[in-house]
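Participant: All I have is the shape, not the residue letters:
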Ligand code: UD1
């Protein structure tokens with residue numbers, strides 16, 4: 001298995017790249033498939049490490065998974081025979097925390113080894129727990145990193161999230177689809193993958209209204225009929241990464257199979273920076289006029305439809321080569337600038353203060369940099385593509401957790417990248 005990418009910079013990315021299914025939607029939908037009372041077919045599943053691990057966890061718990069094609073599975077949860085997900089594997093990925101809501105909904109009890117994932121500072125789950133408690137969950141224990149929740153009766157309730165949380169919104173939804181009566185989630189997150197998980201559950205017979213707005217109403221059902229197919233939406237963050245890389249390399253790249261509406265927060269900013277962005281029905285072309293140089297801009301990450309925090313590192317990498325001074329404010333995570341020292345090692349002119357990074361455009365020079373997490377790793381590749389000389393990115397496992405066929409896709413559009 002490769003552990004390093006070696007990139008020669010300054011090759012414009014040109015041509016077409018196909019966007020894969022959404023990682024974060026797929027994580028929620030696989031957990032949702034556990035709640036359903038029969039098999040379902042999930043299509044456009046990205047073949048990436050995080051998904052592979054979650055499917056292995058589900059198999060260990062007894063689910064039957066049959067691959068129908070490269071990117072589709074038949075998922076049968078009827079053979080699951082435990083409510084305890086406590087193997088080491090569970091703690092490897094953040095997405096396994098959706099099993100909390102899924103098992104609480106299905107069995108009214110759950111034990112889960114606390115999940116891991118990228119390190120951006122504190123990643124509490126207090127809002128998830130608050131939601132489960134509102135639905136009747138109790139006997140909350142936390143021993144050796146294992147969380148256990150039990151509900152005698154699972155009853156619909158009103159839940160107010162005082163911070164907008166993607167994970168809490170999905171987790172509460174997963175439990176509430178099987179609760180008695182009506183659950184209303186107020187101040188819910190509105191990310192596209194929340195709508196996708198709700199659409200999957202509705203396709204399987206659930207009654208969820210308002211997903212994509214900040215009030216979601218769920219009428220619980222004791223039984224969710226399944227045996228239907230569902231196609232996962234395209235990955236907003238993968239698409240955004242390639243759009244940023246196109247701008248970084250003065251390229252002319254068309255990202256195919258995406259939902260342009262989901263890309264609006266990025267599209268608007270790339271246009272402000274001087275890129276040409278053409279929207280098709282399900283594609284976006286990004287290019288720069290010959291000789292045009294990108295202009296700096298200011299960003300603040302926000303929950304959807306704001307600028308996504310998961311594009312923050314890649315965008316900061318882009319700002320390092322733009323003309324002028326750009327600002328990046330990270331308002332979602334408390335500590336998501338740890339990768340900046342890697343960009344500085346490449347010659348980037350960045351000063352940070354708390355959640356603010358001020359970036360002065362400069363020329364990047366290739367060197368050896370570390371992919372400290374998934375999106376920070378994508379930012380290193382973005383920087384390498386725009387840098388003079390050779391960039392060596394180490395720990396690329398972190399990147400392959402979330403990007404399907406990353407190197408293959410980049411090679412096909414003209415990048416000079418190889419794995420070692
Ligand atoms: C999801 C994404 C992640 C993305 C993030 C924000 C998945 C698997 N991961 O993570 O890639 O960066 O959304 O778009 O979909 N918070 C609390 N208490 C809680 C839960 C969250 O205070 O119980 C806070 C967090 O500390 C953070 C903010 O809420 O500051 C947003 O977190 P949240 O939306 O929950 O992120 P995740 O669902 O973990």
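Facilitator: Received, thanks. Source: prediction; values computed, not measured.
Participant: Now do the SS call for residue 217.
Facilitator: The three-state label given to residue 217 by DSSP: H, G, I helix; E, B strand; the rest coil is strand.
Participant: for the ligand, what are the nearby residues on the stretch 201-350 of the chain?
Facilitator: Proximity of the stretch 201-350 of the chain to the ligand (C-beta under 6 Å from any ligand atom) is limited to residues 309-310, 332-333. All C-beta spots, glycine's among them, are computed from the backbone N, C-alpha and C.
Participant: For the residues you listed, which two are the farthest from each other?
Facilitator: The span of those, defined through C-beta to C-beta, is set by 310 and 333 at 9.8 Å.
Participant: So for these two, which residue has more residues nearby?
Facilitator: The neighbour count for residue 310 versus residue 333, taken as other C-beta atoms under 10 Å, is higher for residue 310 (24 against 18).
Participant: got the contact list for that one?
Facilitator: Residues near residue 310 by C-beta atoms under 8 Å, 6 or more residues apart in numbering: 237, 240, 375.
Participant: tally of neighbours for the second one?
Facilitator: Other residues near residue 240 number 28, with proximity taken as other C-beta under 10 Å.
Participant: How about the contacts made by it?
Facilitator: Here residue 240 is in contact with 263, 266, 308, 310-311, 314 (C-beta under 8 Å, 6+ apart).
Participant: Swap in 7 Å and give it another go.
Facilitator: Residues in contact with residue 240 (C-beta atoms under 7 Å, 6 or more residues apart in numbering) are 263, 266, 308, 311.
Participant: what do you get for the last one?
Facilitator: Contact criterion C-beta under 7 Å, 6+ apart gives 310, 313-314 as the residues in contact with residue 375.
Participant: thinking again about what came up before, between the contacts of residue 240, which sits nearest the ligand?
Facilitator: Closest approach to the ligand among the contacts of residue 240 (C-beta to the nearest ligand atom): residue 308, at 6.2 Å.
Participant: Would you confirm that the closest one contacts residue 235?
Facilitator: No: using C-beta atoms under 7 Å, residue 308 is not in contact with residue 235; the gap is 11.4 Å.
Participant: quick one: which of those two has more around it?
Facilitator: More crowded of residue 308 and residue 235, by other C-beta under 10 Å: residue 235, with 28 against 22.
Participant: Tell me who's in contact with that one.
Facilitator: By C-beta under 7 Å, 6+ apart, the neighbours of residue 235 are 19-23, 46.
Participant: same thing but 8 Å
Facilitator: Residue 235 touches 19-25, 46, counting by C-beta under 8 Å, 6+ apart.
Participant: Intersect those with the contacts of the ligand.
Facilitator: residue 24.
Participant: need the contacts of residue 235 in TSV with pLDDT, distance to residue 179 and secondary structure, can you?
Facilitator: Formatted as TSV, the contacts of residue 235 follow (pLDDT from 0 to 100; distance: C-beta to C-beta, whole Å; DSSP: H, G, I helix; E, B strand; the rest coil):
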residue	pLDDT	distance to residue 179	secondary structure
19	98	35	coil
20	98	33	coil
21	98	29	strand
22	98	26	coil
23	98	28	helix
24	97	24	helix
25	98	23	helix
46	98	30	coil
